[in-house]
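> Take a look and give me a structure for this.
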Amino acid sequence: MKSFRVSVRAVLTGVAVAALTAVSLAPQQVQAAAGPVPATLSPLSPVSAQRLAASLADRLQGSAAGSYYDEGAGALVVNVIDRTAENIVRAAGARPQRARFTQARLDSALLALNERAAIPGTAWVQDPRVNRVVVTADPTVTGAKRARLDKVVSDLGESVTVRRISTRLTRFIEGGDAVWGPTARCSLGFNVKRAGKPDGFLTAGHCGNAVTTWAATRGGPQIARTEASTFPGSDHAIAGYTATTDAPGTVRLHNGSSQRITSAGTASVGEAVQRSGYTTGLHSGKVTGLDATVNYEQGQVRGLIQTDVCAEPGDSGGPLFDGPKALGLLSGGSGNCGLLSGPKVTYYQPVRPALDAYGATLG
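All right, here's what the predicted structure looks like:
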């Protein structure tokens, strides 16, 4: 049987990605407790910072309110609420930053938003850089919807701030090294293996909901079938290959080379990442938030990674990665890759829960 080589790449369909307007958050309330990184504080790599963040979270518990990686300084910045926590953070090799709002206060705000403000066209995420929950609202949030959102945000006080974007916040349907369905084009995110089952690939759940059979070319022979799909709630799907395939565990970099993917990781705020897409190729940026909630017209999706990487229709479902580490699958966002399009925001389904859901490992 002929071998089909399907490389990892991202695709979307449908609605164009919206551009963020320039907006200002409320005045920053966090205060640096230690000033610039001391000369004696050794720079940290992103991986070392992530490990240190996890260790300090266990030690500090209620005395910290999130952390992020300052790539320019090579430092892990940890929001703290008292001097004892400051000393612990500094002694561990990180930079303490005094925060106004506790983790419990921010978690309570997130819970209230999830329960009371599931309004299509909105999204929110805790941003440790400003020690607040940042709510995004697109132009469809008007009238009664805007009044409802304003009431919830007002009740939550200054721990929550709102920014408006100029065009719609939307999911994307399309894909990577394009995988085609009869009615939609979506991304191949990551190739996977499963014990006792055919190899397959991960993509976005809204793609799996829309497409049953997949081809490597438009109108081409079937190479895979969607076996399971979850959207909304989460946004992941798996398709099993039905044809003999050469399905490498790589991501296409659109420059004649590929990135080998060897592990699944957990993203951290401030981490430098890349996204590969069928429409726009390879783009880079940083993780700007974790555990984000997005309210699409089709329903609410929680637990997403937020980044400032651009995307356009044709990129959805595709891979987010940091070197050989797989991080997520493109779900949706706002902003395009044009030079004059303004700020960008995109959201990704974390890859580890998707792998766990299907008993899969990276190919």
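> nearest residue to the residue nearest to the spatial centre of the chain other than its sequence neighbours?
In the chain, the C-alpha nearest the mean C-alpha coordinate belongs to residue 305, at 2.5 Å (Cα atoms, centre = their mean). Nearest non-adjacent residue to residue 305, counting by Cβ to Cβ, 6 or more residues apart in numbering: residue 348, 4.3 Å away. For every residue, glycine as well, the C-beta is placed using N, CA and C.
> Near that neighbour, how many other residues are there?
If you count neighbours by other Cβ atoms under 10 Å, residue 348 ends up with 29.
> from what I can see the residue nearest to the centre of the chain touches residue 320, true?
Yes: counting by Cβ atoms under 8 Å, residue 305 touches residue 320, with 6.8 Å between them.
> can you list residues touching both of those two?
Residues touching both residue 305 and residue 320 (Cβ atoms under 8 Å, 6 or more residues apart in numbering) are 267, 327-328, 348.
> Would you double-check that the residue nearest to the centre of the chain falls in a strand?
Yes: counting by DSSP: H, G, I helix; E, B strand; the rest coil, residue 305 is located in a strand.
> which residues touch it?
267, 287, 289-290, 292, 320, 327-328, 347-350.
> Take those and lay them out in TSV including distance to residue 112.
Below are the contacts of residue 305 laid out as TSV (distance: Cβ to Cβ, whole Å):
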residue	distance to residue 112
267	25
287	24
289	18
290	18
292	16
320	28
327	28
328	26
347	20
348	24
349	24
350	23
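> Which one of those residues is nearest to residue 235?
Proximity of those to residue 235, judged by Cβ to Cβ, is greatest for residue 349, which lies at 4.4 Å.
> On the three-state scheme, that closest one is what?
strand.
> And the contacts of residue 305, which is closest to residue 139?
Taking Cβ to Cβ as the measure, residue 139 lies nearest residue 347 of those, at 18.1 Å.
> And stretch 209-229, end to end?
For stretch 209-229, the first and last residues are 6 Å from each other (Cα to Cα, to the nearest Å).
> Can you name every helix or strand that the longest strand along the chain contacts?
Longest strand in the chain, counting residues (DSSP state E): strand 281-296. If you count contacts as 3 or more Cβ pairs under 8 Å, 6 or more residues apart in numbering; DSSP states H and E, strand 281-296 packs onto helix 103-116, strand 122-127, strand 272-277, strand 299-307, strand 325-334, strand 345-350.
> And the first one, what does it pack against?
Using 3+ Cβ pairs under 8 Å, 6+ apart as the contact test, the elements touching helix 103-116 are strand 64-70, strand 122-127, strand 132-137, helix 143-156, strand 281-296.
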